[in-house]
Structures are given as C-alpha cells and as structure tokens.
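Colleague: Starting from these lines, generate the structure:
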Amino acid sequence: MSTSAQLSPPAAPATARSAPGTAPGTAPGTAPARRTTAGLPALHLAAAVGNADWHLTAPLLGVLATALHTDLATVTAAIGAYSLGQGLALPFWGRLSDRFGPRRALRWGLTVAALSAAVAAVAGDPRLWVAARAACGAGFAAVAPCAGLYHDALGPFADRRRAYARMMTLTSAVAVGAPLLAGLAARCTSWRAVFAVIALLAAVLARHTRALPPTAAPSPVRTRGPRLRSLRMRSLRLRSLRLLRSRGLWVLAGLGVAEGLVLLGVPALLAPTLTAVGAGDRAGLLVTVVYGASVCAGSVTVRRLPGPGRPRALLAAGGAAGLLATVLLAARPAVPVVFAAAVLLGLAWGPLHTTLQTWAPRLLAPGARGTAASVLAMSGVLACAAGVALAAPLVERGALTVLFGTLGGFAAVLTALLAGAARHLTK
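Modeller: Reported below is the predicted structural model:
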C-alpha cells in the first residue's frame, strides 16, 4: 500500500448515517474528536510531569552523590540510564497502545512511573536508585505513543498541530522551571521530597486517565486450545514482520535519528561547549534557560498560526534553523555564538518537531500508529544518547569545529529528508 493511500482515507458517502451518539447532521468523527479534545489536558499534564522528571537529576547531582555515599560518576549515570530505559521501552508501549488502546497503556505507564519514583525517593543504595530512575524513564515513555494516538484522532492537520504545539509549550516551560524548583526544594527540604512529588503526581494522573476517551483498539481475541493459540501467535508474528518491512517505519527511524542528533544532541552539548571555551557554570545554566524559553516561544508561534498552515514550510523553517545553528557553532564556537545557536535550536524545535509528531503516525496503517509515534521518539532518544556519549571526548579535547561540522552534516541530511518526505503530508 502506498504512503499516500495510507494517509488519505476514503471519504464517507454523502448519504451515510450519523455515527452512534452523534447528533443528526453532524459529521461522523466530530463527537469523538470533541471528547478527545476534552481529555487532552490530562494527557498534556502527564507529558509535563514526565518532562519535569527527566530534567530533575542534573541540578541534584552533588546532593545525591553525598546523600547516597557514592561518587559523582555513579549518580550521573542515572541520566543515561533514564534515557536508555525510556528509549528501549518506547516500542513496547507503542505496541501496547495499538493493541489495548492508549488509555490503558497510559494508565499502566504512569503506574510504573509512580512506583519507580517512590522507590527512588526512599532508596538508600545508589545502584537501586539508578535502577529506579531507569524504570521511571521506561514508565513515562508510555506518554509519547499515547499522545500520538490521541492527537491523531483530532482529525484535520491544523487541529492536531495546534494541540501538539500547546503540549510543547507546556513541556518546554516545565523544562525551564523544574530544575530550578528541584534545586530549591532540595535546599529547603530534602532531595527525597522531589521524587516523592513526582510519584504522587504520576499516581494522581494514572487515576485520572479516565478523563481520556476510549479509542477503537482491537478487542483481545479469546482463544481456546493449543491450535487456536498457535494461530494467534502466527498472526502476531506475521503482522510484526509486515511492519518491519514497511518503508514508512524505516523513514520514521531515519527521521528520528537525524532529529535526535540535531535537535536533542546539539542542545545537550551547549553547556559543555561553554565550559570548553572558558565560560563559567552560570553561563551553562543561562544557556539552558535561553534554549527552553526559545522552545516555548517557537511552540507558541506555531500554535497561533492561522488556518491549516503549510507543513512543508514549517519543516523547512525548522530544518534551516537547525542547520544554521550547527554551521555557526562549527565556524566560531565562542560564547555569543553558543547563545545564538541556543535561540535558533529552540525556535527550530516548535515548527519541526510539532509537525513531525503531528504527521508521523499517519505514515503507518491505523492499527500501527502508536508504534509509529514510538519509533520516531525512540530513534531520537537513543541517537541523542549515543551522539552525546561519542561527542564528549571531542568536547574535552576542544575539537569543536570537527564536532559541530559533523553535526552540521546530519542537520543537512535531516533537512533533505524532510524536503523529500514533505510531499506526503496531507491535511
């Protein structure tokens, strides 16, 4: 089946009867879209709490190393463990959301996150604490595919884009405020209170997933006898093989890798770059705030665009801004240039990532759209983690031109991929 065929479902006949529960004369799908919109605040709050949890560890590293009686390298490993747990769990939650529906998958994921954050809050052994952080990342990974499915149910591209931009605005604001509040809470009370609050919020949100409407997930097939079970397993294997052979899946993986290296990896290297050129720790904190504020500004701009907008123009603007940032850093990695790159990368995130997330699920068939959203996110997270790990020795040696020149090549590849893929975008 071609991509355009997957993206363009056949129009309903003019004489079609109204969907159950829909007022006469109302287009089928309008009522479910309204129910989905009413439940989005709970989903957006779950995304905000997950993003806050991801940003909490960095400002607490020194306090955690002292409290857990270990070295700084051990607690720093929790950041990588969190990203690894999140990246590896994403396809799992994607398949679960396709199989059982996003509401149940999100409830299960938030429950795992709440329990893991509670363990992290009371852990006294550093290895247990690192393992709990990895499990917490795996639990919050359920948000990405569930968000993809619920936003995909909104219908027109413009509605999906605005809803995603609203979520990005909230999560970027949380990314700026969470580290500051975590540091303040650790000084006034204890670092354990920070993770206890995350556990409480995740538990409350897991309970309130009932505000989200159910979606048309396939009903579990009841099988009796070994022959029927064997047929069911064979059907699952065939569907999985068919999915792995899908060109859309590999397009998503490629886009995710390129986006992760440029729009996640380069911002993660800004603070270390400032340290490498002789700036202080305050400059590193300030550039993080500038980047977060720019992401928020870009998301607000995308949300306020009138009409359906032009997906191709949004992708081109985001790709060009990311490419320009890496070129500037490769040409002259000085303090003012790093701050200018932070602004460009933040502004690129809104139009590029929002458009990709809005469109990505529709690259695959309806029964695999949760998987589509999870593959894009997984590729980005794992590519970012691997890229930052490989870039660390170059930053330490001061080979910044080589580093950002290479990342500029990935930015050019990302822009070219987007130019090629944009023709498949539909409203």
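
Colleague: okay, now Ala325: neighbour count?
Modeller: Burial of Ala325 is recorded as 30 neighbouring residues (other CB atoms under 10 Å). No exception for glycine: its C-beta is placed from N, CA and C like everyone else's.

Colleague: What does the pLDDT read for it?
Modeller: If you check Ala325, the pLDDT there is 92.

Colleague: which secondary structure element contains it?
Modeller: Assessed by DSSP states H and E, Ala325 sits inside helix 311-331.

Colleague: What residues sit buried inside that helix?
Modeller: Of the residues in helix 311-331, 311, 314-330 count as buried by neighbour count, 16 or more other CB atoms under 10 Å.

Colleague: Same question for stretch 366-377.
Modeller: Ala368, Arg369, Gly370, Thr371, Ala372, Ala373, Ser374, Val375, Leu376, Ala377.

Colleague: Quick check: the two most widely separated of these?
Modeller: Across the buried residues of stretch 366-377, the longest distance by CB to CB is 14.6 Å; it joins Ala368 and Ala377.

Colleague: what about the closest residue in space to Ala118 that isn't next to it in sequence, how many neighbours?
Modeller: Excluding its sequence neighbours, the residue lying closest to Ala118 (CB to CB, 6 or more residues apart in numbering) is Ala199, at 4.1 Å. Neighbour count for Ala199, taken as other CB under 10 Å: 21.

Colleague: And for Glu396?
Modeller: Counted by other CB under 10 Å, the residues lying close to Glu396 total 11.

Colleague: Let me know the average pLDDT across whichever strand or helix holds it.
Modeller: Using DSSP H and E, Glu396 sits within helix 369-397. What helix 369-397 shows for mean pLDDT is 84.

Colleague: quick one, longest helix in this protein?
Modeller: Secondary structure of the chain per DSSP state H: the longest helix is helix 157-188.

Colleague: by contact count, what packs against the helix or strand following that helix?
Modeller: Sequence order places helix 191-207 as the next helix or strand after helix 157-188, per DSSP H and E. Helix 191-207 is packed against helix 30-54, helix 61-67, helix 102-122, helix 126-140, helix 157-188, with contacts defined by 3 or more CB pairs under 8 Å, 6 or more residues apart in numbering; DSSP states H and E.

Colleague: what do you get if the cut-off is 7 Å, keeping everything else the same?
Modeller: Judged by 3 or more CB pairs under 7 Å, 6 or more residues apart in numbering; DSSP states H and E, helix 191-207 is in contact with helix 30-54, helix 61-67, helix 102-122, helix 157-188.

Colleague: deepest of those helices, which one?
Modeller: The highest average neighbour count among the helices and strands packed on helix 191-207, using mean count of other CB atoms under 10 Å, belongs to helix 102-122 at a mean of 23.

Colleague: for the helix or strand just after the helix holding Glu396, what is the average pLDDT?
Modeller: Downstream of helix 369-397, the next assigned helix or strand under DSSP H and E is helix 400-421. Helix 400-421 shows an average pLDDT of 83 in the prediction.
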